[in-house]
Every structure is written in structure tokens, then in C-alpha cells.
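Q: Need a 3D model of the sequence below.
(3 chains)
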Amino acid sequence: MDDLLVVLFAVVALIGTVGVYLQRDRFNKLIAVGIIYGGVVPFIVDRGYLDVAIAVSLIIPITTIIMLPLCRRQDHDA
Amino acid sequence: MTPEFILGCIILIAGVIAAGFPREKTYLSRLINLEIPAFGLLLIMLAYDETLALMTFIGVTAISTFVLVRVIERRDAG
Amino acid sequence: MIALYVVAVIAVFGVVRATLERNTGRKLPFVNVMNFAVAGALVLLLDHPLALVAAVAYFVGSTLEANAIASTYAGGDRRG
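A: Predicted coordinates for the structure are as follows:
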């Protein structure tokens, strides 16, 4: 991975980070967390930790899915 | 100073600020913002070549998110 | 070698379009563009047999996440 690729994937992760902070809607925030996840996984694969990459790829979506019923409940109350 | 370490520090500091001073002061907003420093710390651990620490950290992040979602659900219901 | 750069630029394009989009429903297809591009980049990044498994795991996980968000946003089965 040379400098251009590092910059491109770092831009993906940083845009996601700024996006989570600036969005107000709950679903937009969750989508931005997904964008950070897409920017971080190439760095893990580039270091050669493929087993860690597999574990991260399977656990982070479960974390998002755990949070989803909470979003739906507050939407239902409001 | 690998690129993972620099990107991880930037995301960690931005995430701590976002989790400490969210734009919308609800529990759910703080919980979603808490995902950002987790990714930053993941990248910093990646720069130090500790496979077991990465695996444990990912698992504990998922379990703590589950616990916090249960706590917030109970708080909203009661 | 040029394929890796093309895929990374496509990922950045998808992220920029998804962030600038106002409507949540129209945001999700651009996030899918980024997911496909990153899954392609994972295969091209490393010459190792397990890289294919990692790309498959990323693809399955990200698709599951995007579909779960879309299902909850659209209402789904509203309980109670």
C-alpha cells in the first residue's frame, strides 16, 4: 500500500468521522459509522492480520444491529 | 510513526470530543458517537502488532454496546 | 496495479456522494457503492488465499448492516 492509497482510505475514514458528528438524524449517524468501518478494514488487511479482519467484519455489523431496536423504539414513541 | 498510528490518533481525539460534547444530548446520540473512539483505538492497537489485544478489544466493544443498549432501554421504559 | 487506484477512487466518490446527500433513503445506494469498492480493494491489496475469505466476510457483513438499517428505516415489522 503506497502513499496514495493510504491517503484515499484515510479520507474515507475521516469523512465518516466528521459525518457521524455533524449528522443529526439517527439513521444518518449509523450510516456514517458504516462508512468509518469501510475505511478502517483496508488498513487491517494491509498489515496482514487477515484473521482480525474477518473477526472485525463479522462483529461490527452485529454491534450496529444491536443498536437498531433502540432507534426504532424512540421513533415509535415520537 | 506508521500511517495507522497517525490516523488512529486523529480518529481517537475526534471521537472523544464527539462523545463528550454531542450536538444532540440524548443517550442514543452519545452511544453512537462512542463507536468512533473504538475505531481509533483499534487502529492504534494495529500499529503495535498485538493480535490478541485486537481480538479481545473487538469482542469487549460489542459486549459493552449490548450492555449499554439494555441499560438505555430500561431507563427509557422506567 | 491501476485497478487498485480505480477502486479506491470509486470508494472515495461513493463516500462523498453519500455524505452530501440529504435524503436517508438515497444515501444507502452510495454506501453500497463504497462497500463493493472496498470489498474489491481487499482482494487486490494482498496476494494471500485468506484475503478472499476476508473480502467475503467484509461483503457479507457490510451488506447485512446496510440491509438492516434500510429495513428499520422503512418501518419493518413494528412491534407492539
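Q: Could you use CA atoms for every contact and neighbour count after this?
A: Will do.
Q: what stretches of the chain score poorly on pLDDT?
A: With no chain named, the answer covers chain A. Low-confidence segments of chain A (pLDDT under 70): A:73-78.
Q: my question was about chain C
A: In chain C, residues with pLDDT under 70: C:76-80.
Q: Chain A contacts on that one?
A: Those residues of chain C that sit near chain A, judged by C-alpha under 8 Å from any C-alpha of the partner chain, are C:5, C:8-9, C:11-12, C:15-16, C:19, C:24, C:28, C:31, C:34-35, C:38, C:41-42, C:45-46, C:50-51, C:53-54, C:57-58, C:61-62, C:64-66, C:68-69, C:72-73.
Q: any idea which element the residue in chain B that chain A sits nearest to lies in?
A: Closest residue of chain B to chain A, C-alpha to the nearest C-alpha: B:Ala62 (5.5 Å). Assessed by DSSP states H and E, B:Ala62 sits inside helix B:51-77.
Q: Could you tell me how far A:Ile15 is located from A:Val33?
A: As defined by C-alpha to C-alpha, to the nearest Å, A:Ile15 lies at a distance of 10 Å from A:Val33.
Q: neighbour-wise, which of these two wins?
A: Neighbour totals were compared for A:Ile15 and A:Val33, and A:Val33 leads with 24 against 19 (other C-alpha atoms under 10 Å in any protein chain shown).
Q: these two touch, right, the more buried one and B:Ile36?
A: Yes: if you go by C-alpha atoms under 8 Å, A:Val33 and B:Ile36 touch, sitting 7.5 Å apart.
Q: Please enumerate the shared neighbours of these two.
A: A:Thr17 (C-alpha atoms under 8 Å, 6 or more residues apart in numbering or on different chains).
Q: so C:Asn35 makes contact with C:Ser62?
A: Yes: between C:Asn35 and C:Ser62 there is a contact under C-alpha under 8 Å: 6.6 Å.
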